[in-house]
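In: mind looking at a prediction? Sequence and model below.
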Amino acid sequence: MMWNSPKVGILGGGQLGRMLTESANRLNIDVRILDAENAPAKQISAHENHTVGHFNDQQAVQELAKTCDVVTAEIEHVNTQALEAVASQVKIEPSWEAIRIIQNKYDQKKHLSKFNIPMADYRELTQNTPEELVQIGEQLGFPLMLKSKTLAYDGRGNYPVKSKEEIPAALEALKERPLYAEKWANFTMELAVIVVKTNDSVLSYPTVETVQEDSVCKLVYAPARNVSDIINKKAQELARNAVAAFKGKGVFGVEMFLLEDDSILLCEIASRVHNSGHYTIEGCGLSQFDTHLRAILDLPIPAQSVELRQPSVMLNIIGGATPDSHLKVAERALSIPNASIHLYSKGAARPGRKMGHITVTAATMYEAETFIQPLIDTVDEIRA
Ligand code: ATP
Ligand code: MG
Ligand code: MG
């Protein structure tokens, strides 16, 4: 195949679409973004072939698909009916079937159960009544995690139910949403692996440690600290097996729980590039954004390029107490050795909103941790 500046449509132009675009720009890949005017990804891709609209709007998806070789998504909460409708006209990667199953966390778990992927035990709610959840609580025990099947992100859609007494409050908090309940995972660490599914292979990046605060990813340590090589390999294998259960090409983010007895449970899969993989920009030969584009375009991915080159720590910059307090973190990072600053250009911050991230790489994890500590302190200071 002669190199032909392929045209890639992206549903969603937030920070993930923006970092995909940064990667695409270096290969003359022509991205066309479907999102609002001036979305973060559009700001760094100046041409007239973007589509203005919402990634759930069938008409807009159709318009985008007309001008692309491949359509992909930076978010799993897209209109898969719209994707199915254009599937005969344009390649969709990963498949709309994969996105449809994954965007419903209950369907995702049911699907993965068929492939013997270890997960916390779970039960579907069909009536969302206290009586029903009391009964499920007797089966799963307390605490349990009540979860919305759909439209979940950053823990919005989860409610930890510590005891029977909290059932009414939990159902009130998640009312009008389709629900399931999950047995509590008593984890010692949360792990994540970025998996790349290509035409004929399933590759994995190293196992990283993720730290969430208020259910939002705060820190990522690559590689996971104090985790044996055996566990690192086992988590990668679990992640690859889970992703192999889905149709289509591209990057998937796999979240897992490491338990006290060193067993690993899958938490959830995202059918897209993932926050736990931002470290790959500086930490690996090819970033998750590079390999996603290569996978969906059937371009080569040398296996060594997804190995870790240097220990890396990634810190999210989350919107703080004021609309510009997050800039304090970025400003302080300017003076930190080996700190790569990524700001997403979203404008004014809201508390809890992901505004950017910083990755520090160093010869040792200890050194990387030492460099990034003042920035963690600043993040804690600006917290709303
Ligand atoms: P994301 O932003 O990653 O898409 P989400 O809203 O889909 O998040 P989950 O990933 O299911 O939510 O859960 C968010 C966090 O809540 C997990 O990273 C973990 O810290 C905690 N959690 C989720 N499920 C359980 C469980 N069964 N037991 C204990 N903690 C859990
Ligand atoms: Mg999720
Ligand atoms: Mg999650």
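Out: All right, it came through fine. Ligands and ions are numbered 1, 2, ... in the order given.

In: distance check, the residue positioned nearest the centre of the chain against residue 192.
Out: Central residue of the chain (Cα atoms, centre = their mean): residue 274, 2.9 Å from the mean position. Per Cβ to Cβ, to the nearest Å, residue 274 is found 7 Å from residue 192. Every C-beta, even on glycine, is put in place using the N, C-alpha and C of the backbone.

In: mutual contacts of these two, please.
Out: The contact sets of residue 274 and residue 192 overlap at residue 253 (Cβ atoms under 8 Å, 6 or more residues apart in numbering).

In: tell me which stretches of the stretch 51-200 of the chain form helices.
Out: Assigned by DSSP state H, counting those that start in this stretch, the stretch 51-200 of the chain shows helices spanning 58-66, 80-86, 96-103, 105-113, 130-140, 167-173.

In: compare those and give me the one nearest residue 183.
Out: The minimum distance between residue 183 and the helices of the stretch 51-200 of the chain falls on helix 130-140, with 4.4 Å, by Cβ to Cβ.

In: quick one on the thing from earlier: using TSV, lay out the helices of the stretch 51-200 of the chain together with distance to ligand 3 and mean neighbour count.
Out: Listed next are the helices of the stretch 51-200 of the chain as TSV, based on distance: least, Cβ to the ion, whole Å; neighbours: other Cβ atoms under 10 Å:
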stretch	distance to ligand 3	mean neighbour count
helix 58-66	25	18
helix 80-86	20	19
helix 96-103	12	22
helix 105-113	9	19
helix 130-140	19	16
helix 167-173	18	16
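
In: returning to what we had before: how about the residue nearest to the centre of the chain, what does it touch?
Out: Residues in contact with residue 274 (Cβ under 8 Å, 6+ apart) are 192, 194, 251-253, 288.

In: residues of the stretch 151-300 of the chain that sit close to ligand 1?
Out: Counting by Cβ under 6 Å from any ligand atom, the positions of the stretch 151-300 of the chain adjacent to ligand 1 are 152-155, 157-158, 182, 184-185, 190, 212, 215, 255, 267-268.

In: residue boundaries of the strands in the stretch 101-250 of the chain?
Out: If you assign secondary structure with DSSP state E, counting those that start in this stretch, the strands in the stretch 101-250 of the chain sit at 122-124, 144-148, 158-161, 179-183, 187-197, 202-204, 208-213, 216-222, 250-259.

In: re earlier: show me the two of the residues of the stretch 151-300 of the chain next to ligand 1 that sit farthest apart.
Out: Considering Cβ to Cβ, no two members of these lie farther apart than 153 and 184, which are separated by 20.7 Å.
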